[in-house]
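In: I'd like to go over a predicted model; first the sequence, then the structure.
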Amino acid sequence: MALPAHAESRRRNLAAVLRLLHERGPLRQVEISDTVAVSRGTGISLIEELLDLGLLVDATPTARGTRGRPSPLIVASEDVVAVAAEIAADTARVDLVTLGGSIQVAESLPIAPSALGPEKTLRRVVSAVSDLLAARPALRVAGVAVAVHGAVDSQRRIVFAPNLGWEGADLAPIDALLRDALPRQAIRPVVVGNDADLGALGEQRRGAGRDYADFLYLSAERGIGGGLVAGGAVVLGSNGLAGEVGHLKVAGATSPCGCGQRGCWETEIGTAALSRKAPATSSDVLLARAQSGDHWAVDVVEDVATWLGYGLGLLIPVLQPGAVVLGGHLARIAALAPSAVDRAIHETCPPRLAMGVTIVPRRRGPASPRIGAAARPRRPRRAHPPAPGGAPAGPGCCSRSRWPRSSRRSTTPS
């Protein structure tokens, strides 16, 4: 049943206030009203409701010797957190992220999910969440989200994860595990998403993507994932699986891929490719040697940079992003060999179609997917019924529409 128009409008305004403070930090009450484009009276009412819910705090300093009280300074509560977990092939992490977007605590789990399997991994993640919150009883959980290194459909089922190896795994049981482990917390259904999509959201909200309405985010570990942002929204495609750019076929590539095919882009630029091109040398050592001028390491880096440019040259004409945001080792590769990347882009893509596209490193580092995950579940709890279909609304929601017919392109420089 749809909300009445006034209730839906108020819910959206409450979400807009939360999102504003999440992205921009402390603001005066009058600034919030003006930015959300509501009257001062409505702004005060929205803020008071969120203060009553404990989601916001009035941090106005007490002024002495002055007349009148300044417009209240409103901040997001540090006692309300989103739980953000990340599950990769070889690692797993759990963070507690405040409404203001800062990571209050982070824990790495000494497990390899690809070997441990989905059921045991989920239990270890839930156990870590329970321990972190037990040590901090004053915290209230606004939501839980998990970034998975694989393609996840709308039913929270992993449908493609050649590196993680969990194809077909159903992650919905994590809801029951959390309810059992956290009986005093009111936990909504867990949001589960692809790490690259959530990394793009993290960079769009609090990182390099803030300057662009349209950009492509590349995550880089064993494989390569892509997150697409158009018109300011993360685009998941009609089935939620958009962005699997690591399996783009690049001319000249012939190496076997974990997906079962050959010639995928990630076989030339992922960490597995670095291991193959520089055996017995870690990626950090390889990049450090290249930075110091070691000729052998420089050659390897330029080779990877060339393949990076070839793939980007295929994507840029199709997507026309304002920027490409590089994560992981790809940012360091591009910084060490920018000419190789540019040459390869222009060999693959007509130069005029690549004009104005900026290549930048992500600003939030490895935490980008978890910051994006933490943004997904947040919306105020209030007396209104949930949105139609129970879909998450307000701050952090990704669009499930196809690429918009038109998009606003930011002209703000990086």
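Out: Received it, and whenever you're ready, just let me know what you need. The shown structure was predicted, so the numbers you read here are calculated from the model rather than taken from an experiment.
In: give me the distance between residue 299 and residue 289.
Out: 11 Å (C-beta to C-beta, to the nearest Å). Yep, even glycine has a C-beta here, placed from its N, CA and C like the rest.
In: could I get the full set of helices for this structure?
Out: 5-24, 29-36, 40-52, 113-116, 118-134, 174-181, 195-206, 266-269, 271-277, 283-291, 295-319, 329-336, 338-348, 368-375 (DSSP state H).
In: which of those is buried the deepest?
Out: helix 368-375 (a mean of 32; mean count of other C-beta atoms under 10 Å).
In: which outside residues touch that one?
Out: With C-beta atoms under 8 Å, 6 or more residues apart in numbering as the test, helix 368-375 has contacts from 22, 81-86, 93, 95, 97, 101, 103, 106, 145-147, 191, 193, 195-207, 217, 219, 327, 362, 364, 395-396.
In: that one - what's its average pLDDT?
Out: Averaged across helix 368-375, the pLDDT comes to 86.
In: of the helices of the chain, which is nearest residue 161?
Out: Minimum separation from residue 161 across the helices of the chain (C-beta to C-beta) falls at helix 113-116, 8.8 Å.
In: chain center to the closest one, what's the gap?
Out: Put simply, helix 113-116 sits 23 Å off its chain's centre (C-alpha atoms, centre = their mean, to the nearest Å).
In: kindly format the C-alpha coordinates of that helix as PDB.
Out: Extracted as PDB, the C-alpha positions of helix 113-116 are listed here (Å, rounded to 0.1, in the frame of the first residue of the first chain):
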ATOM      1  CA  PRO A 113      36.300 -17.200   2.400                       C
ATOM      2  CA  SER A 114      37.000 -18.900  -0.900                       C
ATOM      3  CA  ALA A 115      38.300 -21.900   1.000                       C
ATOM      4  CA  LEU A 116      36.000 -21.700   4.000                       C
END
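In: hmm, who's touching it?
Out: Outside helix 113-116, the residues that touch it by C-beta under 8 Å, 6+ apart are 87, 88, 89, 90, 91, 92, 121, 124, 163, 164, 165, 166.
In: among those residues, which two are most distant?
Out: Checking these with C-beta to C-beta, the most distant pair is 124 and 163, at 18.9 Å.
In: out of the helices of the chain, flag the one nearest residue 243.
Out: Closest approach to residue 243 among the helices of the chain is made by helix 195-206 (5.7 Å; C-beta to C-beta).
In: between that closest one and helix 5-24, how many degrees?
Out: Per axes from the mean of the first three to the mean of the last three C-alpha atoms, to 10 degrees, the angle that helix 195-206 makes with helix 5-24 is 90 degrees.
In: summarise which helices and strands helix 195-206 is packed against.
Out: Helices and strands touching helix 195-206, by 3 or more C-beta pairs under 8 Å, 6 or more residues apart in numbering; DSSP states H and E, are helix 5-24, strand 140-148, strand 215-220, strand 224-230, strand 233-235, helix 368-375.
In: columns distance to residue 47 on top of these, output as a markdown table?
Out: Shown next, in a markdown table, are those (distance: least, C-beta to C-beta, whole Å):
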| stretch | distance to residue 47 |
| --- | --- |
| helix 5-24 | 7 |
| strand 140-148 | 17 |
| strand 215-220 | 32 |
| strand 224-230 | 29 |
| strand 233-235 | 26 |
| helix 368-375 | 20 |
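In: so which of these is nearest residue 338?
Out: strand 215-220 (15.6 Å).
In: can I get the closest one in PDB, CA atoms only?
Out: Taking Å, rounded to 0.1, in the frame of the first residue of the first chain, the C-alpha atoms of strand 215-220 are listed here in PDB:
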ATOM      1  CA  PHE A 215      32.100   8.000 -13.600                       C
ATOM      2  CA  LEU A 216      33.400   4.500 -13.800                       C
ATOM      3  CA  TYR A 217      34.900   2.900 -10.700                       C
ATOM      4  CA  LEU A 218      37.300   0.000 -11.100                       C
ATOM      5  CA  SER A 219      38.100  -2.300  -8.100                       C
ATOM      6  CA  ALA A 220      41.200  -4.400  -8.400                       C
END
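In: that one vs strand 224-230, what angle?
Out: Using the same axes, to 10 degrees: strand 215-220 against strand 224-230 is 160 degrees.
In: in strand 215-220, what counts as buried?
Out: Of all the residues in strand 215-220, those buried under the rule 16 or more other C-beta atoms under 10 Å are 215, 216, 217, 218, 219, 220.
In: show me which pair in these is furthest apart.
Out: Largest separation among the buried residues of strand 215-220 by C-beta to C-beta: 215 and 220, giving 15.8 Å.
In: the domain parsing of this protein - what is it?
Out: What automatic domain parsing lists as the domains of the chain is 5-61+70-76, 80-197+367-378, 210-362.
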